[in-house]
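Asker: Output the structure for:
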Amino acid sequence: MTTEKRNPRSRAIDRQSTAGIVRIINAEDQRVAPAVRREEPRIAAAVDMIVERLRRGGRLIYIGAGTSGRLGTLDAAECPPTYGTDPRLVQAIIAGGRRALVRSVEGAEDRAADGAAAMDGKRLKPRDVVVGIAACGLTPLVRGALRRARQSGAATIFVTCAPEVKKQLKADVIINPVVGPEVVTGSTRMKAGTATKLVLNALTTATMIKLGKVYGNLMVDLRATNAKLRDRAERIVMAATGVNRAAARALLRRADGWAKLAILMQLADVSRQQGRTLLKRSAGSLRQTIAEARPAGARRR
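Answerer: Presented below is the predicted three-dimensional model:
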């Protein structure tokens, strides 16, 4: 297995100076982004599949063990504050449960039946998408989960860094960034983990953009739940509309803190209620709503 092979470039790493160790690690990390780039067509296909199902009311569900499970959990956890999503929209399952997020739970990944049971617990529908994450591609829990997901009619995606297992896997889309052997043999939290993080970032970020939760490159659906995010929301409104900070703050107050609505109210000259109605009509697409609402606003003015 590629993920378990010894790396010839790091065989003598224990005899290196500190600077030499860091240099070898960094040189190996340079191999990650090109490996992910080669998977862009598969990542794009996966995004289109996710978007289509989420638009039908489906969910995106990650499942993995160890580092893979933690990365899926991290990606899912960051969607609500960043994009204002319902926590149920993007979910994650990690072998061993919540305690495995901070402490290794050995053996939790070894039963395919546990993966199937986890899917049964989610009561999958055909409009759901399940993403199995396993650097080696062999994790029984993950493979059992995807097998049950297929039986349920859900869409399936497998993310693995092991090219040897690709032909064995059964999923609608297989994303396989091949980063080569790790600096420390078998330590897949390193390059494989970095590649996985990049893939998951791309999956959810591109999905949220396609769902209209980004305007330009501004996260207009963020939840301003702390001082930093309130400041960010004000800066987003300022950047999108050209108003000063005081005006942005006032718009956000009128829009109940929702940056997307505040921007629409300013650019299309509509009321809060009108804005909510228009956004609902366009499935939350701010760009589409502005294009449709501006003539009405101009007539009203």
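
Asker: In a helix, residue 44, correct?
Answerer: Yes - Residue 44: assigned to a helix according to DSSP: H, G, I helix; E, B strand; the rest coil.

Asker: which non-adjacent residue is nearest it?
Answerer: Nearest non-adjacent residue to residue 44, counting by Cβ to Cβ, 6 or more residues apart in numbering: residue 206, 7.5 Å away. Just so you know, the C-beta spots here come from the backbone N, C-alpha and C atoms, and that holds for glycine as well.

Asker: Next, the one you found: secondary structure please.
Answerer: With three-state DSSP as the basis, residue 206 sits in helix.

Asker: That one against residue 46, yeah?
Answerer: No - in this structure, residue 206 is not within contact of residue 46 by Cβ atoms under 8 Å, at 9.0 Å.

Asker: Those two: who's more crowded?
Answerer: For residue 206 versus residue 46, neighbours defined as other Cβ atoms under 10 Å are more numerous around residue 46 (28 against 18).

Asker: Name the nearest residue to that one, sequence neighbours excluded.
Answerer: Excluding its sequence neighbours, the residue lying closest to residue 46 (Cβ to Cβ, 6+ apart) is residue 173, at 4.5 Å.

Asker: contacting residues around the spatially most central residue of the chain?
Answerer: With distances taken as Cα atoms, centre = their mean, the residue of the chain nearest its centroid is residue 204 (3.1 Å). With contact taken as Cβ atoms under 8 Å, 6 or more residues apart in numbering, residue 204 is in contact with 60, 75, 78-79, 90.

Asker: Would you check how far apart it and residue 137 are?
Answerer: For residue 204, the distance to residue 137 (Cβ to Cβ, to the nearest Å) stands at 22 Å.

Asker: got it, and residue 279?
Answerer: Computed as Cβ to Cβ, the residue 279 to residue 137 distance reads 42 Å.

Asker: Compare neighbour counts for the two and give me the winner.
Answerer: Remark: of residue 279 and residue 137, residue 137 carries more neighbours, 25 against 20, as counted by other Cβ under 10 Å.

Asker: As a check, name the ranges of all helices in the protein.
Answerer: For the chain, the helices defined by DSSP state H occupy 18-29, 32-37, 40-54, 66-83, 112-122, 140-151, 191-210, 227-241, 245-254, 259-268, 272-281, 286-300.

Asker: of all the contacts of residue 204, which two lie farthest apart?
Answerer: Set against one another by Cβ to Cβ, those have their most distant pair in 60 and 78, with a gap of 12.9 Å.
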